[in-house]
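Trainee: sequence and computational prediction follow.
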Amino acid sequence: MATRSNSARKSSGPKKATRKKTTTARKKTTTARKKTTTTRKKTTTTRKKSTRKYSPAASENVHEELHEMKQGRLRSGRSGKKVTSRKQAIAIGLSEARRSGKKVPPQTSRKKR
(Lines give C-alpha, C1' and ligand atoms only; values in the text may rest on other atoms or scores of the structure.)
Protein backbone atom coordinates (compact mmCIF):
# COMPACT_ATOMS: atom_id res chain seq x y z
CA MET A 1 0.00 0.00 0.00
CA ALA A 2 1.49 3.29 -1.08
CA THR A 3 1.23 6.24 1.29
CA ARG A 4 1.76 9.85 0.47
CA SER A 5 4.07 11.97 2.50
CA ASN A 6 2.84 15.16 4.20
CA SER A 7 4.97 17.32 1.92
CA ALA A 8 3.29 15.87 -1.17
CA ARG A 9 -0.18 16.71 0.18
CA LYS A 10 0.65 20.29 0.97
CA SER A 11 2.11 21.11 -2.41
CA SER A 12 -0.69 19.51 -4.42
CA GLY A 13 -3.07 22.53 -4.47
CA PRO A 14 -2.62 26.25 -5.03
CA LYS A 15 -1.78 28.24 -1.95
CA LYS A 16 -4.32 30.67 -0.59
CA ALA A 17 -3.17 34.03 0.54
CA THR A 18 -3.97 34.45 4.21
CA ARG A 19 -4.73 37.88 5.48
CA LYS A 20 -4.47 39.10 9.01
CA LYS A 21 -7.64 40.56 10.40
CA THR A 22 -7.13 43.96 11.84
CA THR A 23 -9.69 45.48 14.11
CA THR A 24 -9.94 49.20 14.06
CA ALA A 25 -12.34 51.05 16.26
CA ARG A 26 -14.49 53.40 14.28
CA LYS A 27 -15.13 56.76 15.73
CA LYS A 28 -18.79 57.25 16.47
CA THR A 29 -20.00 60.59 15.33
CA THR A 30 -23.33 61.90 16.40
CA THR A 31 -24.79 64.86 14.67
CA ALA A 32 -27.66 66.73 16.16
CA ARG A 33 -30.60 66.81 13.78
CA LYS A 34 -32.52 69.99 13.44
CA LYS A 35 -36.12 69.69 14.37
CA THR A 36 -38.25 71.22 11.71
CA THR A 37 -41.57 72.54 12.75
CA THR A 38 -43.70 72.70 9.66
CA THR A 39 -47.42 73.12 9.84
CA ARG A 40 -49.59 71.40 7.31
CA LYS A 41 -52.38 73.30 5.70
CA LYS A 42 -55.77 72.02 6.67
CA THR A 43 -57.88 71.16 3.72
CA THR A 44 -61.19 72.93 3.60
CA THR A 45 -62.90 70.37 1.40
CA THR A 46 -65.48 68.28 3.17
CA ARG A 47 -65.25 64.55 2.90
CA LYS A 48 -68.09 62.71 1.30
CA LYS A 49 -69.89 60.52 3.79
CA SER A 50 -69.46 56.91 2.82
CA THR A 51 -72.55 54.81 2.47
CA ARG A 52 -72.76 51.31 3.82
CA LYS A 53 -71.86 48.55 1.41
CA TYR A 54 -73.68 45.91 3.46
CA SER A 55 -76.99 46.48 5.21
CA PRO A 56 -77.29 45.72 8.94
CA ALA A 57 -79.77 42.98 8.04
CA ALA A 58 -77.15 41.34 5.81
CA SER A 59 -74.57 41.41 8.57
CA GLU A 60 -77.12 39.83 10.91
CA ASN A 61 -77.62 37.08 8.35
CA VAL A 62 -73.85 36.43 8.25
CA HIS A 63 -73.77 36.46 12.07
CA GLU A 64 -76.45 33.73 12.19
CA GLU A 65 -74.54 31.56 9.72
CA LEU A 66 -71.33 31.89 11.74
CA HIS A 67 -73.25 30.91 14.87
CA GLU A 68 -74.60 27.81 13.13
CA MET A 69 -71.10 26.88 11.94
CA LYS A 70 -69.71 27.14 15.47
CA GLN A 71 -72.47 24.86 16.74
CA GLY A 72 -71.77 22.39 13.93
CA ARG A 73 -75.19 22.69 12.27
CA LEU A 74 -74.18 24.57 9.10
CA ARG A 75 -74.15 22.41 5.98
CA SER A 76 -73.05 23.33 2.47
CA GLY A 77 -75.54 23.49 -0.38
CA ARG A 78 -75.58 20.57 -2.79
CA SER A 79 -73.31 18.05 -1.06
CA GLY A 80 -74.64 18.62 2.45
CA LYS A 81 -71.18 18.36 4.02
CA LYS A 82 -70.47 20.11 7.30
CA VAL A 83 -68.93 23.58 6.90
CA THR A 84 -65.72 24.01 8.90
CA SER A 85 -64.25 27.10 7.25
CA ARG A 86 -65.11 30.56 8.59
CA LYS A 87 -64.75 32.09 5.12
CA GLN A 88 -67.18 29.57 3.69
CA ALA A 89 -69.72 30.37 6.41
CA ILE A 90 -69.46 34.09 5.59
CA ALA A 91 -69.91 33.33 1.88
CA ILE A 92 -73.05 31.28 2.61
CA GLY A 93 -74.47 34.10 4.74
CA LEU A 94 -73.81 36.70 2.04
CA SER A 95 -75.33 34.57 -0.71
CA GLU A 96 -78.48 34.02 1.35
CA ALA A 97 -78.68 37.77 2.01
CA ARG A 98 -78.41 38.40 -1.75
CA ARG A 99 -81.17 35.89 -2.45
CA SER A 100 -83.50 37.52 0.06
CA GLY A 101 -82.88 40.95 -1.51
CA LYS A 102 -80.84 42.63 1.23
CA LYS A 103 -78.26 45.29 0.39
CA VAL A 104 -75.11 43.37 -0.51
CA PRO A 105 -72.64 44.20 -3.32
CA PRO A 106 -72.79 41.85 -6.30
CA GLN A 107 -70.51 38.83 -6.25
CA THR A 108 -67.19 39.33 -8.05
CA SER A 109 -66.84 37.41 -11.31
CA ARG A 110 -64.76 34.27 -11.20
CA LYS A 111 -61.97 33.49 -13.63
CA LYS A 112 -62.80 30.81 -16.17
CA ARG A 113 -60.36 27.96 -16.41
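Mentor: Looks like it arrived, so ask away. Numbering: from 1, shown residues only.
Trainee: surely Lys81 meets Arg75?
Mentor: Yes - Lys81 lies in contact with Arg75 (CB atoms under 8 Å); the separation is 6.7 Å. To be clear about C-beta, it is placed using only N, CA and C from the backbone, and glycine gets the same treatment.
Trainee: quick one, which of the two is more surrounded?
Mentor: Arg75 (13 against 9; other CB atoms under 10 Å).
Trainee: number of nearby residues for the nearest residue to the more buried one once chain neighbours are set aside?
Mentor: Excluding the flanking residues, the one nearest Arg75 by CB to CB, 6 or more residues apart in numbering is Lys82, at 6.1 Å. Counted with other CB under 10 Å, the neighbours of Lys82 add up to 11.
Trainee: cool, and Gln88?
Mentor: Per other CB under 10 Å, the neighbour tally for Gln88 reads 14.
Trainee: wait, it touches Ser76, no?
Mentor: Yes - the pair Gln88 / Ser76 is scored as a contact, 7.2 Å apart, by CB under 8 Å.
Trainee: find residues that contact each of those two.
Mentor: With CB atoms under 8 Å, 6 or more residues apart in numbering applied, the contact sets of Gln88 and Ser76 do not overlap.
Trainee: Lys82 and Val62: what is the separation?
Mentor: 18 Å (CB to CB, to the nearest Å).
Trainee: okay, now the unreliable bits of this protein?
Mentor: Flagging of the chain using pLDDT under 70 yields the residue ranges 1-17, 19-24, 26-36, 41-43, 113.
Trainee: what are the ranges of the helices in it?
Mentor: Here the chain has its helices, by DSSP state H, at 6-10, 56-71, 86-99.
Trainee: got those helices as CSV, with distance to Thr45 columns?
Mentor: Output for the helices of the chain, formatted as CSV (distance: least, CB to CB, whole Å):
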stretch, distance to Thr45
helix 6-10, 81
helix 56-71, 29
helix 86-99, 34
